[in-house]
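**Student:** Coordinates for the following, if possible.
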Amino acid sequence: MHNVRLDQIEETKGAAADDPSAARLEVRLDGEWRADETLPQFGGVVKFPRGEVLFEADFPSFLGGEGRAPTPLAYCFYGAMCCYGATFATQAAMAGIHLQSLRIALSLTVDFHAALGLGDIPPLSPFEFHVEVETDASDEDVQLVKKLADERCPAIWAMQNPVAYATTARKV
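**Tutor:** Down below sits the predicted model:
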């Protein structure tokens with residue numbers, strides 16, 4: 001339904017009931033900082049089941065880059081927006097609500113005072129996701145799907161819960 005493979009979701013749900021690993025996606029990303037001033041500052045190949053794509057990032061000039069590629073945060077924000085949009089579309093399909101179209105926008109402000117060592121100002125304003133759907137479903141059904149997306153989106157979960165992390169650095 002609207003480009004969501006419900007049969008695959010049902011198969012995964014059944015498998016995950018018996019084997020929790022069936023509902024997990026292992027992620028490993030690699031990248032490198034580039035000292036070559038003719039290239040965007042950072043690059044890395046992102047692999048996926050049917051291929052791979054080169055992601056490149058460059059800070060804007062006010063942060064020491066040249067703006068030759070999206071900022072690193074643009075990927076993060078795009079990922080959050082895409083995750084929420086995909087979760088919304090998937091939850092609609094799982095609820096039997098057909099969408100003819102879905103458009104999503106995200107707005108927020110990033111404050112770099114802390115990154116520049118100029119104070120302890122929170123760097124991110126609230127994320128504002130704006131979803132517009134074309135559907136024959138009722139407004140109540142659309143709000144039900146929004147509620148399900150809010151509850152089930154991994155990006156929203158990560159914004160609401162501290163995520164453990166570890167860092168290492170070593171000289172090679």
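
**Student:** does Glu52 sit in a helix or strand, and which one?
**Tutor:** Assigned by DSSP states H and E, Glu52 falls within strand 51-57.

**Student:** likewise Arg68?
**Tutor:** Under the criterion DSSP H and E, no helix or strand holds Arg68.

**Student:** Run a quick check on it versus Pro40, I expect a contact.
**Tutor:** Yes - applying C-beta atoms under 8 Å, one finds Arg68 in contact with Pro40, separated by 4.5 Å. C-betas here are computed from N, CA, C, even on glycine.

**Student:** Which helix runs longest in the chain?
**Tutor:** The single longest helix within the chain, with elements called by DSSP state H, is helix 72-94.

**Student:** what lines up beside the helix or strand that that helix is followed by in the sheet?
**Tutor:** With elements assigned by DSSP H and E, the helix or strand that comes after helix 72-94 is strand 99-107. Using DSSP bridges, strand 99-107 pairs in its sheet with strand 128-135 (antiparallel).

**Student:** buried residues in the partner strand?
**Tutor:** Phe129, Val131, Val133, Thr135 (16 or more other C-beta atoms under 10 Å).

**Student:** Tell me which residue is most central in the protein.
**Tutor:** Central residue of the chain (C-alpha atoms, centre = their mean): Gly79, 2.0 Å from the mean position.

**Student:** Name the nearest residue to that one, sequence neighbours excluded.
**Tutor:** Distances taken as C-beta to C-beta, 6 or more residues apart in numbering place Ala155 nearest to Gly79, at 6.9 Å, with adjacent residues excluded.
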